[in-house]
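Undergrad: missing the sequence, but the structure's below:
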């Protein structure tokens, strides 16, 4: 029972992290037309493929239960976006949070991959700092 719950936490946060990085990448690409930050974000997103490219990782997806997920409904806080900058920084925050959750839970299930996640988290911190020039634009 606990293993299933652990894998569901990993699945949700892995998906959240990839999705957040995709949103950030598309903002740099289409809104701010910043190819340098787009490339950096894409590289971070694809670094997650190294983690998912593990036979053992397929267990994570198999434990997915989207239909009964308690967080499935839209929260009113999710609708609180005023501009592209809000979307950018909310998704950077989401990426940082998800990478931290993954780092902690991988210590139990995929300890060999913890260092990849830790590096990724710090790279997201650096990306956020570089993106700060778009704050409130």
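TA: That came through fine. Just so it is clear, the model here is predicted, and its values are computed rather than measured.

Undergrad: so how far is the lowest-mean-pLDDT helix or strand in the chain off the chain centroid?
TA: Counting by mean pLDDT, DSSP states H and E, the chain has its least confident helix or strand at helix 58-62, which shows a mean of 80. Relative to the centre of its chain, helix 58-62 is centred 17 Å away, using Cα atoms, centre = their mean, to the nearest Å.

Undergrad: Now find how far off-centre the helix or strand just after it is within its chain.
TA: Later in the chain than helix 58-62, the nearest helix or strand by DSSP states H and E is helix 84-109. Centroid separation between helix 84-109 and its chain, computed with Cα atoms, centre = their mean, is 5 Å.

Undergrad: before we move on, what about stretch 20-30?
TA: The answer for stretch 20-30 is 12 Å, by Cα atoms, centre = their mean.

Undergrad: For that stretch, buried residues please.
TA: Buried residues in stretch 20-30, counted by 16 or more other Cβ atoms under 10 Å: 20, 21, 23, 24, 25, 27, 28, 29. For glycine as for every other residue, the C-beta is placed from the backbone atoms N, C-alpha and C.

Undergrad: Can you tell me the closest non-neighbouring residue to the last one?
TA: Right, residue 29. Nearest in space to residue 29, with sequence neighbours left out and distances taken as Cβ to Cβ, 6 or more residues apart in numbering, is residue 38 at 4.6 Å.

Undergrad: residues in contact with that neighbour?
TA: Taking Cβ atoms under 8 Å, 6 or more residues apart in numbering as the contact definition, residue 38 lies against 25, 28, 29.

Undergrad: ok, the second one touching residue 45?
TA: It refers to residue 28. No. Between residue 28 and residue 45 there is no contact, the gap being 11.6 Å when judged by Cβ atoms under 8 Å.

Undergrad: Quick check: closest non-adjacent residue to the residue most central in space within the chain.
TA: The chain has residue 17 as the residue nearest its centroid, 1.2 Å off, counting by Cα atoms, centre = their mean. Leaving aside its chain neighbours, residue 17 sits nearest to residue 98 (3.9 Å; criterion: Cβ to Cβ, 6+ apart).

Undergrad: contacting residues around that neighbour?
TA: 13, 14, 16, 17, 20.
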